[in-house]
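>>> heads up, no residue letters with this:
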């Protein structure tokens, strides 16, 4: 019995196996690395705490409940300078989320269009898109933000230019939209009595469109008849809502921007800081998304296109029904990173004075309270949570478009 | 995964804090050994601190840095200037990135007590004002209801503005901007009706416009803004050095000691106060841990308070500020140095 087959069991576990036995070695190395990492982390945290106490600074988040004392121009929830710092932080966070949402939507639209058009057979279109992609993704986004802001505030007329007998500037679209260097003012709805029914009708008709779509599809699969779904959907979209709107005596009216005092008032004010940030982030991220879309499309073998053509599908249907659904599998994972990048890049907002999380919590609050470490840690934590939410949400979507093997 | 990311973030923060805060306990010894004073200044306020045509920082606040360098190192040019925005100035000081700040910083309770700074004195008594284009037709800040106001974020002026409009029941639209230059750009483009900051900075800014006469500074001063140099808490000796360097400039003006006559007066005068100041009598320099000719160095190389004022921001400069509150106490102002005794 001198063969090696059964000897380890006989001898039991020996300490030297942790190093020499390949079954355990990997674990040993990991445990040592983990301990070393934790020691370094502990040292750094301890060092920070000791240095802070030497400076007489303690870590205390109590400042969040003190009066903020500063104003924020763009607020989605009510806020005044009497509110505490945590509410200012919340206003900033909502502004960050708003710009991230708007930015992701516009960047996706721009990116998909540019990515598809860059593959166009039309020489001029393809070259224009190449020019767009290369110029935007090779210049730092901060410069684009500042450039957009400079154009908006230098090139557009001031509100004063709209005044007087012969104003040098005039409003657009039958005097309903004012484009100034302080922002764009558009009409906003005033929700009168009974307007809730209009909204409910509208939501119900959206539900109706969805239900009709399902019905039409089922019918098509069962009988092969194609219903004129576009016109019917359009009718469902408009007719009930318009009917209820007039039946209830037009409860929803529009508030138009008017020149009053120093500025326009009434309507919805989209500040230039927001527009500049939104456009710059969208065009910048859009150029990356364009490349992702292009790579996704090119990843689908040419045979798929040829097979679709051989079946008699038109080019647009080939793209929509055959290529894009498969390309999405390649596109979604890098797209998630771009959404995260856009969200994080929105922290450059302070450059144009957009009051996002970085400008409120990490800007004025940090400055007036002097709690740098607390503000920074809190801000990192919030951005981390937001990013993790975005990526987990997108991962759910990714699962739904993944190749389903049956 | 989430936990490890958070730990990583915490580690980085700790690392940054750990390295930045490892510093010598005696700033004076550190400056002497280094041979250069690290001074935090404003990146660009004409008259107070701005680079000149050769890229060298000059100005009224810069002269305080130069005075301290002259006192400690005997050379007013041995200064390394760090331009700091209002957002990072206290962090830079607390972390030891700079030895002192001379950056038109308002002395407030919370900055002094809670942020652990030591304000060593006041070199300019200021107040917050408003500037508007003349053709706006506004003559008082009380008429500014509904206006769009450009404001530098992270400054006391932002808080004063919010309070002023709230107390007077007026609405306004703040346009936050990050720096002085950005504020000017926005104001000149008409993206805001009003620009508000310290009155001295308004004057400096107006002086740099192409057509200064098209703009007016409104009469209301809505706050007290005592601006002065500051150092970190916990190094009193270094605080004394900066405090008395400033006081030496102020006292010298009071006694008529200028850059022109300081060397001559240093051979001895009838006035014991001047003799002590210039190191002819007593050991004031040694008490600070400096050479006895420390104040003489300040006065010959930088000049007294009045000279610095006239050269940088006085009535004959583009900034064109009157002495006003910043005249010597003997002339009805607030500038006053404790005795050199």
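Nice, thanks for sending it over. Everything numeric here is computed off the predicted structure, so don't read it as measured data.
>>> how about the residues of the stretch 201-341 of chain B near chain A?
B:232-234 (C-beta under 8 Å from any C-beta of the partner chain). Every residue, glycine included, has its C-beta placed from N, CA and C.
>>> give me the domain ranges for the chain.
You didn't pick a chain, so chain A it is. A:16-54, A:60-164+A:272-406, A:188-255 (automatic domain parsing).
>>> the chain in question should be chain B.
B:26-125+B:226-331, B:128-223.
>>> which stretch in these is the model least sure about?
Of all those, the minimum mean pLDDT falls on domain B:128-223 (a mean of 88).
>>> in stretch A:188-204, what counts as buried?
A:195, A:198, A:201-202 (16 or more other C-beta atoms under 10 Å in any protein chain shown).
>>> now do the strands in the stretch 51-200 of chain A.
For the stretch 51-200 of chain A, the strands defined by DSSP state E, counting those that start in this stretch cover A:178-180, A:183-186, A:188-191.
>>> among these, which comes closest to residue A:71?
strand A:183-186 (16.5 Å; C-beta to C-beta).
>>> list of residues touching the closest one?
A:176-178, A:257, A:264, A:266-272, A:274-275 (C-beta atoms under 8 Å, 6 or more residues apart in numbering or on different chains).
>>> tell me the two of these that are most distant?
A:176 and A:274 (19.8 Å).
>>> more neighbours: these two, which one.
Just comparing residue A:176 and residue A:274: by other C-beta atoms under 10 Å in any protein chain shown the higher neighbour count belongs to residue A:274, 24 against 14.
>>> helix or strand: which one has the more buried one?
Per DSSP states H and E, residue A:274 falls inside helix A:272-298.
>>> helices of the stretch 1-150 of chain A, residue ranges please.
A:7-11, A:17-20, A:22-54, A:85-118, A:123-137, A:141-155 (DSSP state H, counting those that start in this stretch).
>>> now the stretch 51-200 of chain B
B:60-73, B:89-94, B:109-113, B:156-167, B:180-188, B:199-207.
>>> for the ones you listed, give me TSV that also has distance to residue B:32 and mean neighbour count.
Below are those laid out as TSV (distance: least, C-beta to C-beta, whole Å; neighbours: other C-beta atoms under 10 Å in any protein chain shown):
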stretch	distance to residue B:32	mean neighbour count
helix B:60-73	7	28
helix B:89-94	19	22
helix B:109-113	27	12
helix B:156-167	34	20
helix B:180-188	33	20
helix B:199-207	33	23
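>>> closest to residue A:142 out of these?
helix B:180-188 (13.1 Å).
>>> list just the nearest of the buried residues of stretch A:188-204 to residue A:371.
Among these, and counting by C-beta to C-beta, the member closest to residue A:371 is residue A:195, at 44.4 Å.
>>> now the closest one: how far from chain B?
Taking C-beta to the nearest C-beta, to the nearest Å as the measure, residue A:195 and chain B are separated by 27 Å.
>>> hmm, that residue is touching residue A:252, no?
Yes: taking C-beta atoms under 8 Å as the contact criterion, residue A:195 and residue A:252 are neighbours in contact, 4.8 Å apart.
>>> residues near the one residue in the stretch 251-400 of chain A that gets nearest to chain B, how many?
Going by C-beta to the nearest C-beta, chain B is nearest to residue A:367 of the stretch 251-400 of chain A, at 3.3 Å. A count of nearby residues for residue A:367, using other C-beta under 10 Å, gives 26.
>>> and it, what is it in contact with?
Contacts of residue A:367 (C-beta under 8 Å, 6+ apart): B:86-87, B:153-155.
>>> quick revisit: can you lay out the strands of the stretch 51-200 of chain A as a markdown table showing mean pLDDT?
Converted to a markdown table, the strands of the stretch 51-200 of chain A look like this (pLDDT from 0 to 100):
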| stretch | mean pLDDT |
| --- | --- |
| strand A:178-180 | 83 |
| strand A:183-186 | 85 |
| strand A:188-191 | 79 |
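>>> which one of those strands lies closest to residue B:207?
Across these, closest to residue B:207 is strand A:178-180 (C-beta to C-beta), at 28.6 Å.
>>> and the residue lying closest to residue A:291 once chain neighbours are set aside, what does it touch?
Spatial nearest neighbour of residue A:291, chain neighbours left out: residue A:133 (6.3 Å); criterion: C-beta to C-beta, 6 or more residues apart in numbering or on different chains. For residue A:133, the contact set (C-beta under 8 Å, 6+ apart) comprises A:114, A:118, A:287, A:290-291.
>>> tell me the two of those residues that are most distant?
A:118 and A:287 (10.2 Å).
>>> pick out whichever of those two has more residues nearby.
residue A:287 (24 against 21).
>>> residues near residue 241, how many?
Answering for chain A, as no chain was given. 20.
>>> chain B is the one I meant
Around residue B:241 there are 24 residues (other C-beta under 10 Å).
>>> got a list of what residue 154 touches?
I went with chain A, as the question did not name one. Contacts of residue A:154 by C-beta under 8 Å, 6+ apart are A:181, B:189.
>>> wait, I meant chain B there
So residue B:154 contacts A:363-364, A:366-368, B:85-87 (C-beta under 8 Å, 6+ apart).
>>> for those residues, give me a markdown table that also has distance to residue A:401.
Output for those, formatted as a markdown table (distance: C-beta to C-beta, whole Å):
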| residue | distance to residue A:401 |
| --- | --- |
| A:363 | 39 |
| A:364 | 42 |
| A:366 | 41 |
| A:367 | 45 |
| A:368 | 47 |
| B:85 | 45 |
| B:86 | 48 |
| B:87 | 43 |
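>>> tell me the two of those residues that are most distant?
Top of the distance list for those (C-beta to C-beta): A:368 and B:85, 14.6 Å.
>>> if you count what's nearby, which of those two comes out ahead?
For residue A:368 versus residue B:85, the count of surrounding residues by other C-beta under 10 Å is larger for residue A:368: 24 against 17.
>>> tell me the contacts of residue B:163?
A:69, A:81.
>>> so what touches stretch A:293-310?
With C-beta under 8 Å, 6+ apart, stretch A:293-310 has contacts from A:111-112, A:114-116, A:118-119, A:317-318, A:321-324, A:326-331.
>>> can you select the buried ones from the residues you listed in ChimeraX?
Of the contacts of stretch A:293-310, the buried ones can be selected in ChimeraX as follows, counting by 16+ other C-beta under 10 Å:
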select /A:111,112,114,115,116,118,318,322,323,324,326,327,328,330,331
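>>> distance of residue A:39 from chain B?
On the measure of C-beta to the nearest C-beta, residue A:39 and chain B end up 11 Å apart.
>>> do you know how far that residue is from residue A:27?
19 Å (C-beta to C-beta, to the nearest Å).
>>> what does the stretch 51-200 of chain B have sitting close to chain A?
Going by C-beta under 8 Å from any C-beta, the residues of the stretch 51-200 of chain B near chain A are B:86-87, B:90-91, B:94, B:110-111, B:114-116, B:136, B:145-148, B:153-155, B:158-159, B:161-163, B:165-166, B:172-178, B:182, B:185-186, B:189-193.
>>> within the helices and strands, which one has residue B:338?
Counting by DSSP H and E, residue B:338 is found in no helix or strand.
>>> which residue is the nearest non-sequential neighbour of it?
Counting by C-beta to C-beta, 6+ apart, the residue nearest residue B:338 is residue B:247, at 6.5 Å.
>>> output the contacting helices and strands for the one helix or strand residue B:240 maps to.
Residue B:240 belongs to helix B:236-255 when assigned by DSSP H and E. Applying 3 or more C-beta pairs under 8 Å, 6 or more residues apart in numbering or on different chains; DSSP states H and E, one finds that helix B:236-255 contacts helix B:27-34, helix B:60-73, strand B:225-232, helix B:272-277, helix B:284-288, helix B:294-301, helix B:305-312.
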